[in-house]
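**Q** Predicted structure and sequence below. I'll ask about it afterward.
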Amino acid sequence: MPDVEPKRKLTLAAVAREAGVSAPTVSKVINGRDDVAEETRSKVMGVLARTGYKSPLQQRRNLTGRQVVEVVFDSLNTAYAIEVLNGILESAGESEIEVLLNVTGKQGTSRLSAEQRAARIIDEGRCGMIVVTSAFSGAQLGAFRRRGVPAVVIDPFNPPPAEVVSVGATNWAGGKEATSHLLELGHRRIAYLGGPDGVECNQARLHGYLAAMRANGVTVDSRYIIQGSFSSEHGVEGLKTLLRLQQRPTAIFAANDSIALGVLAEARRQGVRVPEDLSLVGFDGTSQAEESVPALTSVAQPLQEMGRAALRFILSQTRGELLDSPRVELATHLVIRESTAPVQAVP
């Protein structure tokens, strides 16, 4: 029996012929160079995905049989971050994926440019990157797309490029549900202690709050809206500011649980009773909300599921699969606990 001719090894030149471009152009696309027309880049990326071409370095990395995903946080000192990480790790364990954790710090400082980081991910044979941080701008995320590095952003601070997959929650609906709950309890003087002004998820929660107030014919006092940071310190300072008003709010919707816990701590110091004097709702639904005293009513995000979904989407991209939408929003729901109550008689 004659020997069967072995399958020919796919080369860069073959990819170039398939795409109808030169081999140097394919090389530029693989290496994330920006001096390639977008239409040409898309055509080459399509051929790379369809043929499964990998550079010689990537082929050598694949011989190890290891798949590694880099996960980037700005900090791990919040219950939110830990919940998301647990979801990523759980999904990674099921898929036999290794996770490399990278904590950038609050400013997201790094000696590597986005192009250099993308090159390093390729050179070290990683599947892609999950970003749970505000450290990367749209332009930086674009560098990963140009090099064909799968990237997923969880709960992005700012809208990522259209081609970058993001996983978030129904922030607007959650903000509206939180505020509607307080309105149903008879509260009308409801304050909003928000996160950084301009941050996408914060703006969505704020707009949900405003929508609920307006739907009930309640005029919003601009002094009741205080933007800041997603930190307990902002909750402390925000409550101090609100307590100085002649007409204090009877309820507060905090943009995350950390802010709400800061409000709780300061209320205790100021002799303000929660929920008798002040009802309080948080956002995230972390374990800290359940364990606080009083237990915190909070809009629960599916944080672990967001982490699991992000890893699934990374693996889908590595297989060249097309997602139905680059933006995935998972449903929130309000968990009513002890920190909210019907409004008392107010002057």
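**A** Nice, thanks for sending it over. As the structure is a computational prediction, the values presented were derived from the model and not from experiment. Numbers count the residues shown, from 1 in each chain.

**Q** Next, please give the residue ranges for the strands of the chain.
**A** 68-73, 98-103, 128-132, 151-154, 165-169, 190-193, 225-226, 251-254, 279-284, 297-300, 327-330, 333-335 (DSSP state E).

**Q** got the buried residues for stretch 324-335?
**A** Residues of stretch 324-335 classed as buried by neighbour count (16 or more other CB atoms under 10 Å): 328, 329, 332, 334, 335. Just so you know, the C-beta spots here come from the backbone N, C-alpha and C atoms, and that holds for glycine as well.

**Q** swap in stretch 238-245?
**A** In stretch 238-245, counting by 16+ other CB under 10 Å, buried: 238, 239, 242.

**Q** residues in contact with that stretch?
**A** For stretch 238-245, the surrounding residues in contact (CB atoms under 8 Å, 6 or more residues apart in numbering) are 191, 193, 223-224, 226, 228, 248-249, 252, 259, 262-263, 266-267, 270, 272.

**Q** give me that answer again for 10 Å
**A** The contact list for stretch 238-245 (CB atoms under 10 Å, 6 or more residues apart in numbering) reads 189, 191-194, 221, 223-224, 226-228, 248-249, 252, 254, 259, 262-267, 269-270, 272, 278, 280.

**Q** out of those, which are inside helices?
**A** 259, 262, 263, 264, 265, 266, 267, 269, 270 (DSSP state H).

**Q** hmm, which of the contacts of stretch 238-245 are the buried ones?
**A** By 16+ other CB under 10 Å, those give 189, 191-194, 224, 226-228, 248-249, 252, 254, 259, 262-264, 266-267, 272, 278, 280 as buried.

**Q** Now for the closest residue to residue 150 other than its chain neighbours, how many residues are close by?
**A** Leaving aside its sequence neighbours, residue 150 sits nearest to residue 128 (CB to CB, 6 or more residues apart in numbering; 3.2 Å). Residue 128: 23 surrounding residues under other CB atoms under 10 Å.

**Q** can you check residue 120 too?
**A** 13.

**Q** before we move on, back to that, what is the residue nearest to residue 150 paired to in the beta sheet?
**A** Counting by DSSP bridges, residue 128 forms beta bridges with residue 69.

**Q** Can you find the helix or strand in this protein with the smallest mean pLDDT?
**A** helix 56-62 (a mean of 48; mean pLDDT, DSSP states H and E).

**Q** Show the contacting residues for residue 306.
**A** 83-84, 87-88, 132, 152, 154-155, 167-169, 328-330 are the contacts of residue 306 under CB under 10 Å, 6+ apart.

**Q** Swap in 7 Å and give it another go.
**A** 84, 87, 154, 155, 167, 330 (CB atoms under 7 Å, 6 or more residues apart in numbering).

**Q** ok, for the third one, nearest residue in space, not its chain neighbours?
**A** This points to residue 154. In space, residue 154 is closest to residue 132, 4.6 Å off (CB to CB, 6+ apart).

**Q** what's the answer for residue 261, then?
**A** Per CB to CB, 6+ apart, closest to residue 261 is residue 232, 5.2 Å.

**Q** which regions of this structure sit below the pLDDT cut-off?
**A** Counting by pLDDT under 70, the chain contains low-confidence ranges at 1-10, 30-34, 49, 52-66, 105-116, 123, 133-135, 345-347.

**Q** That one: helices as residue ranges?
**A** Counting by DSSP H, the helices of the chain are 12-19, 23-30, 38-51, 56-62, 79-95, 114-123, 138-146, 171-184, 200-215, 232-243, 257-270, 287-291, 303-318.

**Q** Any chance of JSON lines for these, columns distance to residue 101?
**A** As requested, the helices of the chain are arranged in JSON lines below (distance: least, CB to CB, whole Å):
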{"stretch": "helix 12-19", "distance to residue 101": "34"}
{"stretch": "helix 23-30", "distance to residue 101": "27"}
{"stretch": "helix 38-51", "distance to residue 101": "28"}
{"stretch": "helix 56-62", "distance to residue 101": "20"}
{"stretch": "helix 79-95", "distance to residue 101": "8"}
{"stretch": "helix 114-123", "distance to residue 101": "14"}
{"stretch": "helix 138-146", "distance to residue 101": "18"}
{"stretch": "helix 171-184", "distance to residue 101": "26"}
{"stretch": "helix 200-215", "distance to residue 101": "22"}
{"stretch": "helix 232-243", "distance to residue 101": "24"}
{"stretch": "helix 257-270", "distance to residue 101": "21"}
{"stretch": "helix 287-291", "distance to residue 101": "20"}
{"stretch": "helix 303-318", "distance to residue 101": "12"}
